[in-house]
Structure formats: C-alpha cells, structure tokens
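Student: Below: sequence and its predicted model.
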Amino acid sequence: MNWELIYSHAVQWVKEAGENIRLSFDKTLNIQTKSNRNDLVTNIDKETEQFFIDKIRAVYPEHKIMGEEGLGDQLENLDGIVWLIDPIDGTMNFVHQQRNFAISLGVYENGVGKIGLVYDVVHDELYHAIKGHGAFLNDKKIPALHNREVKDSIIALNATWVMENRSIDHHLLIPLARDARGTRSYGSAALELVYIAAGRMDAYISLRLSPWDVAGGAVIVEELGGIVTNLRGEKLDYLSKDSLLVARPGLHQTILHDYLKDGKW
C-alpha cells in the first residue's frame, strides 16, 4: 500500500477543505440540531463531509468512509482501509466563535491507524503523522512525549462532568482536577488530542466520544509515545462511542490506576 500517496492526497484535501471553511465565515449558516439543542450541525459540516467523500470516492473507490454526518458508509467492521472523518470537530465553537474547531481525519487499515491529520483551520496549524514516520506540526517535527507528574500537568476535562452525579463515577474526577496544575476545556476533542501531542497539555479525559472525534488525533499522539485508551484502560472501539483517556506515557498509568481504577465507566 502506498501510504505516502494516500497521505499526500489527504493533506491536499484537508487544506482545500479548510480554505472552503474559511471562505464561509462571512456567509449565513444553516444551523440545525441533532440529539439535543446543544448538538449542532451546519450546512458547512455536511458540505465539507461530502467534499471529502467525493474526493476519496474518485481516487480510492475501494476504500470505506465513516463520517460524523452519516454521508459515508454504514460499517459493521473496520476491515480494509477506512477513512474516519469529522468535517468540523467543535461545531458549537465554529458557530459561536469561528475558532477552536478542527478538521479531523484518520485513515485506518483493518482497525490500525496509519495516517492522522488534524487541521486547526483558523490558525493554519496542520498536525499530521504517518505511522512509523514521526509526527509534525506543519513542517516542524514534534518531539516524543515523556512522563510528567499529575501535580505538574495541565489536564483537559469538562467541568460539567466533574459536577454531575449519575451512575458512572464522575466524582473520581474531582481529586484529579484538584491535584493537577490546571484544567482546560476547548470543546474540540481533535484539538485537545493534538495539544497533548504538541506538549501544550498533558492529558485529556472525556466520557462520551465518537470514533471520528478521536481517530485522527490518536494516530498522532501514539506516534509520539502517548497512550490512548478508554477510561478502563482498554483499546478504543472505533465502531461505537466510548470514554477516552489520552496522556503522556507514565502519566496515563498514574491517572488510570491512582484516580480512575475503581470507577464504573
């Protein structure tokens, strides 16, 4: 398989899609809701996903596509080559702020991540990796990740989840938030993953994410030695929603065993 060629096409298409999104900023959006009033989708989300589908179908008709807006294939397995696409990760930010969102794209072969791209459209920052060939921010190689103690770490998590009181054990996140140097929440899983890759943050916890939220960033983080699992320490299931723990090596084990191990996730 010529992964360099697939990668080259993916980079070209992501940059083109990003330019189209930037050109949409002065236009009136058609905004709709999905599962609830805070789960937004716009015409630009749908148009961007269709853009990728058209490009992929034209060049790689044998490849499968899983996209957030459901315009691709309905998959029961990850056999073969699958593109996992979130055309705009952080749609609420896109609608309200016109920043803090990203295009996320992962290319997987038989369930193994081979290519990861996350494009911060507004800042023109492309995080990208081919498995086994290093990870980059634009043209600059990103150094490998190393351990950091919780007390020295910036951890991304949603404060609402820390305060919730449901059957799963949100209260276990309170000591972690207290012991960390600081917490952040950007509203885009794709960006929060690559911020760990770039050393801007050290860990990220989420309770409910879909495969396309994570697929691109996971390839980049793992290429640098970071660890990507669910909150039970298990490999992610890229066919369903799951919890997420992404962190530097060492720090991941500390969070998992010292803070989360007794939780029902």
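Tutor: Sure thing, it's come through.
Student: Just the buried positions in the strand or helix carrying residue 114, please.
Tutor: Using DSSP states H and E, the element containing residue 114 is strand 112-120. Of the residues in strand 112-120, 113, 114, 115, 116, 117, 118, 119, 120 count as buried by neighbour count, 16 or more other C-beta atoms under 10 Å. For glycine as for every other residue, the C-beta is placed from the backbone atoms N, C-alpha and C.
Student: is the last one in a bridge, and if so with what?
Tutor: For residue 120, the beta-bridge assignment (DSSP bridges) gives partners residue 125.
Student: Next one, pLDDT for it please.
Tutor: As predicted, residue 120 sits at a pLDDT of 98.
Student: Against residue 154, how distant is it?
Tutor: Distance of residue 120 to residue 154, computed by C-beta to C-beta, to the nearest Å: 18 Å.
Student: What is the burial count for residue 258?
Tutor: 12 (other C-beta atoms under 10 Å).
Student: got it, and residue 22?
Tutor: 13.
Student: what does residue 139 give?
Tutor: 6.
Student: Now do the phi/psi pair for it.
Tutor: phi -100, psi 0 (degrees, to the nearest 10).
Student: Check it and give its pLDDT.
Tutor: 96.
Student: domain assignment for this protein?
Tutor: 3-141, 150-260 (automatic domain parsing).
Student: Highest mean neighbour count out of those?
Tutor: Most buried of these by mean neighbour count (mean count of other C-beta atoms under 10 Å) is domain 150-260; its value is a mean of 19.
Student: how long is that one from one end to the other?
Tutor: 13 Å (C-alpha to C-alpha, to the nearest Å).
Student: can you give me how far it is from the chain middle?
Tutor: 11 Å (C-alpha atoms, centre = their mean, to the nearest Å).
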